[in-house]
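Colleague: fold the stuff below for me.
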Amino acid sequence: MRKALVAALVVIASQSALTALPAMAETTAAAPLSVENTDLGTLLDNPAAKAVLAKHVPGLIANDQISMARGMTLKQLQSYAGDALTDEKLAAIQADLNKLPKS
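Modeller: Numbering: from 1, shown residues only. Prediction:
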């Protein structure tokens, strides 16, 4: 009896999780690109966002060591590359990211 109850709970939990996955994916996919919240890897993997970065900070994305910073946001990178990522530059990048079509 106990095994049957546990098995039933596992089935219910897995069905609930599977039902929630598309909603979670939509939430993640709908998240706007941001200099403060989107990691560099995500920006570089998105062709339109990469073009924005190429426009504003071509030297930064052409750097051989940029792959080490893929998990950081541009705002976090600012402390390491403040001369290339000024507040004004981040604002300009954000403005262009805001113009990209939502996926």
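
Colleague: Val52: what's its closest spatial neighbour, skipping adjacent residues?
Modeller: Asp96 (4.4 Å; Cβ to Cβ, 6 or more residues apart in numbering). Glycine gets a C-beta too; all of them are placed from N, C-alpha and C.

Colleague: how many residues are close by Leu40?
Modeller: Neighbours of Leu40 under the rule other Cβ atoms under 10 Å: 23.

Colleague: same check on Leu74?
Modeller: Neighbours around Leu74, by other Cβ under 10 Å: 27.

Colleague: which SS state does the nearest residue to it once chain neighbours are set aside fall under?
Modeller: On the basis of Cβ to Cβ, 6+ apart, the spatially nearest residue to Leu74 that is not a chain neighbour turns out to be Val35, at 4.2 Å. Three-state call for Val35 (DSSP: H, G, I helix; E, B strand; the rest coil): coil.

Colleague: burial of Val35, as a residue count?
Modeller: Residues near Val35, counting by other Cβ under 10 Å: 22.

Colleague: let me see the backbone angles for it.
Modeller: Phi and psi for Val35, reported as degrees, to the nearest 10, are phi -70, psi -20.

Colleague: show me the contacts for it.
Modeller: Thr73, Leu74, Lys75, Leu90, Ile93, Gln94, Leu97 (Cβ atoms under 8 Å, 6 or more residues apart in numbering).

Colleague: which of the residues you listed tops the neighbour count?
Modeller: Busiest of the contacts of Val35 [other Cβ under 10 Å] is Leu74, holding 27 neighbours.

Colleague: ok, that residue touching Asp87?
Modeller: No. The criterion here is Cβ atoms under 8 Å, and Leu74 misses it with Asp87 at 11.2 Å.
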